[in-house]
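Novice: Provided below for reference: sequence and predicted model.
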Number of protein chains: 2
Amino acid sequence: MFEFTITATDGSARCGRFVTPHGAVDTPAFMPVGTAGSVKGVTPDQLRGTGTRIILANTYHLCLRPTAEVVRDLGGLHRFMGWDGPILTDSGGYQVFSLAEINEVNDDGVAFRSHVDGAPVWLDPLIATRTQNDLGADVIMAFDQCPPLPADGRVIQQAVERTLRWAARCQEAHTRTDQALFGIVQGGLDVDLRRRCAEQLIRLGFDGYAVGGLSVGEAFEEMVAVLGPTAASLPADRPRYLMGVGLPRDILAAVRAGIDLFDCVLPTRNGRNAAAFTPGGPLKMRNERHRRDPEPIQADCDCTTCERFSRGYIRHLFNAGEMLGPTLTSIHNLRFFQRFMDRLRTLIRAGRLHAIVEEYPIAAAPTPD
Amino acid sequence: MFEFTITATDGSARCGRFVTPHGAVDTPAFMPVGTAGSVKGVTPDQLRGTGTRIILANTYHLCLRPTAEVVRDLGGLHRFMGWDGPILTDSGGYQVFSLAEINEVNDDGVAFRSHVDGAPVWLDPLIATRTQNDLGADVIMAFDQCPPLPADGRVIQQAVERTLRWAARCQEAHTRTDQALFGIVQGGLDVDLRRRCAEQLIRLGFDGYAVGGLSVGEAFEEMVAVLGPTAASLPADRPRYLMGVGLPRDILAAVRAGIDLFDCVLPTRNGRNAAAFTPGGPLKMRNERHRRDPEPIQADCDCTTCERFSRGYIRHLFNAGEMLGPTLTSIHNLRFFQRFMDRLRTLIRAGRLHAIVEEYPIAAAPTPD
């Protein structure tokens, strides 16, 4: 039901084809984030039109509202969202530790308060897995502990131990053969710890492997330093997923390290905030200089926004508080990311990945949003 | 460049075909409102998908922001909005009198403060017409004075006199042959005054005639009582447009009186506020009872919302504050109005307009939103 085939390599970078019950995905692939069961501001048809083939949804948000039972009763996440392509759900671990008011963390799980109604909630490997079984995504994630960086060595060590213990429990709890379960490598910036975590996960044996706990406060160079050896320690014949990353520069560095899957809220979050991605850097769409500009956001972009609307119009939409401003800019940004990924795949196949920074200067520089 | 042909009648109700430089429109027709150059929350493609063939934009809003000069410099309203079908702009008169802080009204025009930045603005027949020439809609409206009801007889009388004087000035100022200019009948609930106003406008000679100053505070029965004789006093061979109306019940009554064109913000405003139109009455989409409901908003609706999304999902979107909730519900509501108009046209052609209230009970009853 799941297959992953490497189709080309360029150094450590690779192109692959990941087959799931809801279709195949060419990798490296970028997954837009549908936090609460909707990629904000765009319909499934518009999303598909951006070249998106796989999306991510957040278990933490969905299990609080409308609850996994409601999603299950409404036919599962694909039917609920009206998206018939592949979906990946995270386990809720990252959100619990970054968003919720935590009451207690112990070796069994986490007690926290719902950000929706303040109700006490308990989440553990069994519940996170059953919840994801109910949601019904094609790929589900093991429940992990993700400490923000910088963190004390003991905190990182303890998080790795818990993540490994919980990964085994998730594996035992997982019941659906039509869902792939990915394990998550933690270990902060400690390369040896990352390698040991990866080894233990490989011993358990997962359908794919994620690198978690990066892009959580460390410098770009620190992330890159740990990513190379970590990716290299993972099985070559399984998909590798770098969670929550990121900017074009981060994605490029990770693809070079051999990562296959990415997710990030930036295309839609920046789109809602009037920041449009272009190969040279971001455009602030509220800026006065766009007032009479008849040009599209990006001259050579083939998205439905750039095909029809001017910078002047989009600036007006944001200034007038029209919903269409965020929607049109999000569509462009999503297409920008999907074209970037498409170009990465094409260059890997040609053994010319090094050429990407000429076409996308944004991929060589940090991008303030 | 403009043609209007009556193709069928049923009592005073009529079907027609209104040809404009940007395409033909079957009447009776409903125009969604793109206040600030955007029908809120829907793209032009989505709008066309609802069966919409002609839309309205508000001169008042556009002349304040981004200004008519900017719209003109960006290629005119069609290009600005990315809508290549017919567009009608109102003259700004109604909005000035209902939205703005008025400083002075005299026989020449109106001085008011911009709701955007508080700047003083002067609007008169010449400026309203030149502004609409710049915006470039297919149909533009004469600048009128529209008093809210109930109003003193002298106020109504004065408004009619000004409206007539201003209509003549608009006609003189109007320069573009690719834009039709419609005159507006005022006169409150005074049938004789309405008739005299219509006669004077007909003497001037316009491409079409609008009935203004209704649905502004009076009872439904009062509106119907004045609408019949007013419509009957207008030339049969010109389009008749009832401004700012309305609910299905209002539209039906007006179609029976011989009106051809309508505009109203309700499909999108109610859509943003989680109220969905159905033939039997409105559905409040936030309601708890939709929580696990797998049915679409309306079982026999062919809109892209009803084809793919459940009431349970749409309820979730509103509860989670997702932009897609307003968008999907607006799309359904727009399609609801366009199907209603389509059904009216079909029944007029068959001489069976009386059957509409069985199919759409909402058309027989006042609809609280």
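Specialist: Perfect, I can see it now.
Novice: pick out the residue of the stretch 151-300 of chain A closest to chain B.
Specialist: residue A:292 (5.0 Å; C-beta to the nearest C-beta). Where you see a C-beta, it was placed from the backbone N, CA and C, and this is true even at glycine.
Novice: what is the neighbour count of that residue?
Specialist: 17 (other C-beta atoms under 10 Å in any protein chain shown).
Novice: ok, now residue A:203?
Specialist: 9.
Novice: quick check: residues of the stretch 151-300 of chain A near chain B?
Specialist: Counting by C-beta under 8 Å from any C-beta of the partner chain, the residues of the stretch 151-300 of chain A lying close to chain B are A:291, A:292, A:294.
Novice: check contacts around the first one.
Specialist: Under the criterion of C-beta atoms under 8 Å, 6 or more residues apart in numbering or on different chains, the neighbours of residue A:291 are A:312, A:315, B:66, B:70.
Novice: what is the burial count for the residue lying closest to the second one once chain neighbours are set aside?
Specialist: Excluding its sequence neighbours, the residue lying closest to residue A:315 (C-beta to C-beta, 6 or more residues apart in numbering or on different chains) is residue A:290, at 4.1 Å. Counted with other C-beta under 10 Å, the burial measure for residue A:290 works out to 22 neighbours.
Novice: now, the most widely separated pair of the contacts of residue A:291?
Specialist: A:315 and B:70 (9.6 Å; C-beta to C-beta).
Novice: of these two, which one has the most company?
Specialist: Remark: of residue A:315 and residue B:70, residue A:315 carries more neighbours, 25 against 18, as counted by other C-beta under 10 Å.
Novice: what about the more buried one, distance to residue B:74?
Specialist: 10 Å (C-beta to C-beta, to the nearest Å).
Novice: and residue A:332, how many neighbours?
Specialist: Neighbourhood size, residue A:332 [other C-beta under 10 Å]: 28.
Novice: contacting residues around it?
Specialist: By C-beta under 8 Å, 6+ apart, the contact set of residue A:332 is A:271, A:276, A:277, A:297, A:298, A:301, A:303, A:305, A:306.
Novice: in helices, which of the residues you listed appear?
Specialist: A:271, A:305, A:306 (DSSP state H).
Novice: up against chain B, what does the stretch 1-150 of chain A have?
Specialist: A:36-38, A:40-46, A:61, A:65-66, A:70, A:73-75, A:79-82.
Novice: narrow the residues you listed to just the buried residues.
Specialist: Buried members of those, counted by 16 or more other C-beta atoms under 10 Å in any protein chain shown: A:36-38, A:40-44, A:46, A:61, A:65-66, A:70, A:73-74, A:79-82.
Novice: right, and residue A:175 touches residue A:133 too?
Specialist: Yes - counting by C-beta atoms under 8 Å, residue A:175 does reach residue A:133; the two are 5.9 Å apart.
Novice: domain map for chain A?
Specialist: As recorded under automatic domain parsing, the domains making up chain A are A:3-264, A:275-345+A:357-369.
Novice: tabulate those (TSV), appending distance to residue B:188.
Specialist: Below are these laid out as TSV (distance: least, C-beta to C-beta, whole Å):
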stretch	distance to residue B:188
domain A:3-264	43
domain A:275-345+A:357-369	33
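Novice: can you redo those as JSON lines with mean pLDDT?
Specialist: Shown next, in JSON lines, are these (pLDDT from 0 to 100):
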{"stretch": "domain A:3-264", "mean pLDDT": "96"}
{"stretch": "domain A:275-345+A:357-369", "mean pLDDT": "95"}
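Novice: ok, residue A:306 - contacts?
Specialist: Contacts of residue A:306 by C-beta under 8 Å, 6+ apart are A:296, A:297, A:298, A:299, A:332, A:335.
Novice: out of the residues you listed, who has the most neighbours?
Specialist: residue A:332 (28 neighbours).
Novice: quickly find the element holding it.
Specialist: Element membership for residue A:332 (DSSP states H and E) is helix A:324-349.
Novice: what angle do that helix and helix B:324-349 make?
Specialist: 110 degrees (axes from the mean of the first three to the mean of the last three C-alpha atoms, to 10 degrees).
Novice: next secondary structure element downstream of helix A:324-349?
Specialist: Heading C-terminal from helix A:324-349 (DSSP H and E), you reach helix A:356-359.
Novice: could you check how far the nearest residue to residue A:282 once chain neighbours are set aside is from residue B:88?
Specialist: Closest residue to residue A:282 apart from its sequence neighbours, by C-beta to C-beta, 6+ apart: residue A:275 at 4.9 Å. Residue A:275 is 35 Å from residue B:88, where distance means C-beta to C-beta.
Novice: also residue A:303?
Specialist: 30 Å.
Novice: what's the answer for residue A:4, then?
Specialist: Counting by C-beta to C-beta, the gap from residue A:4 to residue B:88 is 56 Å.
Novice: got it, and residue A:193?
Specialist: 67 Å.
Novice: cool, and residue A:182?
Specialist: From residue A:182 to residue B:88 the distance is 55 Å (C-beta to C-beta).
Novice: same question, residue A:114
Specialist: 49 Å.
Novice: residues near the residue of the stretch 101-250 of chain A found nearest chain B, how many?
Specialist: Nearest to chain B, among the residues of the stretch 101-250 of chain A, is residue A:116, at 8.7 Å (C-beta to the nearest C-beta). Neighbourhood size, residue A:116 [other C-beta under 10 Å]: 12.
Novice: ditto for residue A:358
Specialist: With other C-beta under 10 Å as criterion, residue A:358 counts 10.
Novice: what sits against it?
Specialist: Contacts of residue A:358 (C-beta under 8 Å, 6+ apart): none.
Novice: same thing with residue A:268?
Specialist: A:32, A:33, A:39, A:40, A:41, A:42, A:330, A:333, A:334.
Novice: so the second one touches residue A:264, yeah?
Specialist: Yes - with contact defined as C-beta under 8 Å, residue A:33 counts as touching residue A:264 (6.8 Å).
Novice: which one of those two has more residues nearby?
Specialist: Taking neighbours as other C-beta under 10 Å, residue A:33 and residue A:264 compare with residue A:264 leading, 23 against 20.
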